[in-house]
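*Asks:* Here's my sequence, what's the structure:
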Amino acid sequence: MLLALGIVIRTIAHPVLLFGGTLMIGIGIAVSNVLLPGIIKERFPKRETLMTSIYATSMSLSAALASGLSIPIAEHSAYGWQAALAVWAIPAIIAALMWIYFVRHRTSANKVRMEFVYASDMRMWRSRLAWQVAVFMGMQAFVYNVIITWLPEMLRDYGVTSSEAGWMLSVNQFVGLPIGLIVPILAGKMASQRLIVSILCVLSFIGLGGLFYGDSYTMMVISVLLIGVALGGLFPLALTFLGLRAYTAKQAAELSGMAQAIGYFLAATGPILMGYVIDATGNWSAALLILMFMTLLTWVVGLGAGRNRVVSDDFSG
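*Replies:* Take a look at the predicted model:
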């Protein structure tokens, strides 16, 4: 409900309400994203990866639909941009009502066990595996947000028209949807997820390299597709790690809080940092090299995060 309220408040044309509504939306998203991995592990212990797959895919699909429909809604509605904002409060309200219903009708076997064991809170931050999962989450978010923010402008500078650049960004998003649905399920069937990490990171590196060296329209299209496949799988895999690398639902929630705090920070700094780099260099070469380096770092920490271990293995003494 906080998310829905924040969306509605942002439709009022006042700077204070705009920032206040945005803050409420951010809090609602952050709290939900942190808690959901723990809830999934608690309520669906035998279908954890399947539910994570559905969760990740629904987020990606919703974001893609919102990006594609907001402008047409604004253009065809008498209320313009305010309608384009307010309409997205409807899914948030429906989700809140569904959650209230399920909470009231859950069975005793499905009730979430609240384990307030504060002694483990700081131990999570001292776990090497937890840091590997958290940095993996942050690195892939960094690359993803930079691509979403700067890819259309990059393609336009390479000679692609604005409409083609927008189409290629949409394809980049949608090609990752089926990958995001499959990756968590495959990850759950494997003791170690290092192979999946390697395949996705190699695809991302090749795609970014294609943009760096590519001098043809065909090369750009192939590169955009490869990046879409890679990033479409890396984010769901990062979410899957939050459950697979935790032994209990409480650990999953704690690991989620740590990983997503780092993830949000890196995701927010990525586009800004790349903006400075692009302005300073006047071209895209340095930015792409940084993204390729970040992909290599994602691969390295992903190999650690993909080990068949849980964070409590690091809780010794």
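
*Asks:* Just the mean pLDDT for stretch 273-280, thanks.
*Replies:* For stretch 273-280, mean pLDDT rounds to 92.

*Asks:* Next: stretch 190-201.
*Replies:* The average pLDDT within stretch 190-201 is 95.

*Asks:* which residues sit against that stretch?
*Replies:* Residues from elsewhere that reach stretch 190-201 (C-beta atoms under 8 Å, 6 or more residues apart in numbering): 183, 186-187, 229-230, 233-234, 237, 240-241, 244, 295-296, 298-299, 302-303, 305-308. Backbone N, C-alpha and C define where each C-beta goes, glycine included.

*Asks:* is it true that Leu155 touches Ala165?
*Replies:* Yes - applying C-beta atoms under 8 Å, one finds Leu155 in contact with Ala165, separated by 4.1 Å.

*Asks:* quick one, which of these two is more surrounded?
*Replies:* Between Leu155 and Ala165, Leu155 has the larger neighbour count (other C-beta atoms under 10 Å), namely 25 against 20.

*Asks:* Now that one: which helix or strand?
*Replies:* Counting by DSSP states H and E, the element that carries Leu155 is helix 128-157.

*Asks:* Going by neighbour count, list what's buried in that helix.
*Replies:* By 16 or more other C-beta atoms under 10 Å, the buried positions in helix 128-157 come out as 129-148, 150-152, 154-155.

*Asks:* on contacts alone, who are the packing partners of that helix?
*Replies:* helix 162-174, helix 217-244, helix 249-281, helix 285-305 (3 or more C-beta pairs under 8 Å, 6 or more residues apart in numbering; DSSP states H and E).

*Asks:* wouldn't Ile39 be in contact with Ala249 here?
*Replies:* Yes - using C-beta under 8 Å, Ile39 makes contact with Ala249 at a distance of 7.3 Å.

*Asks:* okay, the two: which has more neighbours?
*Replies:* Ala249 (22 against 18).

*Asks:* measure the more buried one to Leu242 for me?
*Replies:* Ala249 is 11 Å from Leu242, where distance means C-beta to C-beta, to the nearest Å.

*Asks:* how near is Ser216 to Thr161?
*Replies:* For Ser216, the distance to Thr161 - C-beta to C-beta - is 16 Å.

*Asks:* coming back round to it: check the helices and strands packed on helix 128-157 for me and report the most buried one.
*Replies:* Of all these, helix 217-244 has the most neighbours on average by mean count of other C-beta atoms under 10 Å, namely a mean of 24.

*Asks:* Tell me which other helices or strands it touches.
*Replies:* For helix 217-244, the elements it packs on are helix 15-43, helix 48-76, helix 128-157, helix 162-174, helix 176-188, helix 194-213, helix 249-281, helix 285-305, judged by 3+ C-beta pairs under 8 Å, 6+ apart.

*Asks:* Can you name the residues that contact the closest residue to Val175 other than its chain neighbours?
*Replies:* Once flanking residues are discounted, Val175 sits nearest to Gly228: 4.1 Å by C-beta to C-beta, 6 or more residues apart in numbering. By C-beta under 8 Å, 6+ apart, the contact list for Gly228 reads 171-176.

*Asks:* hmm, try it at 7 Å
*Replies:* 171-173, 175-176 (C-beta atoms under 7 Å, 6 or more residues apart in numbering).

*Asks:* how near is it to Met292?
*Replies:* For Gly228 relative to Met292 (C-beta to C-beta), the value is 16 Å.

*Asks:* ok now stretch 285-297, how far from the chain's centre?
*Replies:* Remark: stretch 285-297 is offset 19 Å from the chain centroid, using C-alpha atoms, centre = their mean, to the nearest Å.

*Asks:* now stretch 142-154
*Replies:* Distance, stretch centre to chain centre, for stretch 142-154: 14 Å (C-alpha atoms, centre = their mean).

*Asks:* likewise stretch 90-102?
*Replies:* Using C-alpha atoms, centre = their mean, the mean C-alpha position of stretch 90-102 is found 22 Å from that of the whole chain.

*Asks:* Not counting it itself, show me its contacts.
*Replies:* 1, 3-4, 7.

*Asks:* mind running it again at 8 Å?
*Replies:* Here stretch 90-102 has contacts from 1, 3-4, 7, 28, 62, using C-beta under 8 Å, 6+ apart.
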